[in-house]
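Trainee: what follows is a protein structure lacking sequence information:
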């Protein structure tokens, strides 16, 4: 508001009008910042997996019905947890407490050690119509993705995604 009044120095300006103009400027700046943030999130979301989709795919009832038991678990996820989840392909914005983030990170580490599919493999293959990809081996999913890539990113004709078993 002060900025607008200084611009109009020499011209009489109503204080109420200056306030209205200032509030409109603030709203416009907020909307522009929000639009930029949404555009960035849209780009980022394309690359990341929704935690709920991941939980359903790996059939993890303990994750989807998770309720924090201790005080520290109820806190928001730490920045380190959020960064690690994002690095591993999970959208951290959907995880609302540190306990669930810790449990999800433990599950991701265990899956890696057991040689099971990654969140990104799951997202890609499920987007093509494959089912229960969360139970597949990493190498099986990798070979199928390589085959799809070699076919111009289209599922080969001899594969029916809904009937394909990743064994």
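Mentor: Nice, I can see it. The structure displayed is predicted, hence computed values, not measured ones.

Trainee: name the residues of the helix or strand containing residue 110 that are buried.
Mentor: Here residue 110 sits within helix 98-114, counting by DSSP states H and E. Judged by neighbour count (16 or more other CB atoms under 10 Å), helix 98-114 contains these buried residues: 98, 99, 100, 101, 102, 103, 104, 105, 107, 108, 111. Glycine gets a C-beta too; all of them are placed from N, C-alpha and C.

Trainee: and the residues you listed, which two are furthest apart?
Mentor: 98 and 111 (20.2 Å; CB to CB).

Trainee: and the helices in this structure?
Mentor: 2-7, 15-47, 51-57, 61-64, 71-74, 79-87, 98-114, 119-127, 138-150 (DSSP state H).

Trainee: so how many other residues sit close to residue 91?
Mentor: When counting by other CB atoms under 10 Å, one arrives at 21 neighbours for residue 91.

Trainee: where's it relative to residue 162, distance?
Mentor: According to CB to CB, to the nearest Å, residue 91 stands 26 Å off from residue 162.

Trainee: hmm, back to that, which outside residues touch the helix holding residue 110?
Mentor: 51, 58, 60, 62-63, 66, 68-70, 72-78, 81-82, 84-85, 88, 90, 92, 95, 117-119 (CB atoms under 8 Å, 6 or more residues apart in numbering).

Trainee: out of the residues you listed, which are buried?
Mentor: 51, 58, 60, 63, 66, 73, 77, 81-82, 84-85, 88, 90, 92, 95, 117-119.

Trainee: residue 86 versus residue 148, what's the distance?
Mentor: Taken as CB to CB, the span from residue 148 to residue 86 is 25 Å.
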